[in-house]
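Asker: Next input, structure requested:
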Amino acid sequence: MNLPNRGINAYRQTEVQSRSPLELVVMLYDGALRFMREAKAGFEQRDIRKRAEAVSRTMAIIDQLQNTLDMKAGGDIAKSLDQLYTFVRDRMLQASMHQDSKPVDDAIAVMSNLRDAWGEISARESRSVAR
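Answerer: Okay, here's the model as predicted:
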């Protein structure tokens, strides 16, 4: 690893460590959305490698979001999120299996709405902490 990469990695690690749990969730959504858009571009460009890597990274983030749900404490909200994450996973798998970007659009729509909601919750928390 060269020195510039070490600096970037150290910066990213510090950035993640300094975030609140809600901000980390928003970062995961941002990452998932970025990779979904890359997957869509891979479909459109017929770039199998790009598409496969982007779908894989999206799935890893969705897995992380789904695995951190506290189904007992989260009640109906956690169950709803679990169902939405399962829908997104299914749409990404459908896109890969059928080599079709339309299911990616469906996944992006769901994740965009969730990201906006979590972003608002995070912003409210930040405002209340700042007071």
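
Asker: residue boundaries of the helices in the chain?
Answerer: In the chain, the helices defined using DSSP state H lie at 3-17, 21-45, 48-67, 71-98, 102-130.

Asker: So Thr58 sits against Tyr29, correct?
Answerer: No. Using C-beta atoms under 8 Å, Thr58 makes no contact with Tyr29, being 11.1 Å away. All C-beta spots, glycine's among them, are computed from the backbone N, C-alpha and C.

Asker: These two - which one has more neighbours?
Answerer: In this view Thr58 and Tyr29 are compared by other C-beta atoms under 10 Å, and Thr58 has more residues nearby, 27 against 20.

Asker: who touches the most centrally placed residue in the chain in this structure?
Answerer: Against the mean C-alpha coordinate of the chain, by C-alpha atoms, centre = their mean, the closest residue is Ala32 at 2.7 Å. With C-beta atoms under 8 Å, 6 or more residues apart in numbering as the criterion, the residues that contact Ala32 are Thr58, Ile61, Ile62, Leu65, Met111.

Asker: Show me which pair in the residues you listed is furthest apart.
Answerer: Thr58 and Leu65 (10.7 Å; C-beta to C-beta).

Asker: For this structure, give me the ranges with low pLDDT.
Answerer: For the chain, applying pLDDT under 70 flags the ranges 1-19, 129-131.

Asker: let's go with 80 and repeat that
Answerer: Within the chain, the stretches with pLDDT under 80 are 1-19, 126-131.

Asker: Is Met59 in contact with Asp90, as I believe?
Answerer: No. Using C-beta under 8 Å, Met59 is not in contact with Asp90, being 10.9 Å away.

Asker: about what we covered before: could you identify the buried members of the contacts of Ala32?
Answerer: Those of those that meet the buried threshold are Thr58, Ile61, Ile62, Leu65, Met111, by 16 or more other C-beta atoms under 10 Å.

Asker: Let me have those residues in a markdown table, extended by distance to Lys50.
Answerer: Shown next, in a markdown table, are the buried ones among the contacts of Ala32 (distance: C-beta to C-beta, whole Å):
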| residue | distance to Lys50 |
| --- | --- |
| Thr58 | 12 |
| Ile61 | 17 |
| Ile62 | 19 |
| Leu65 | 23 |
| Met111 | 19 |
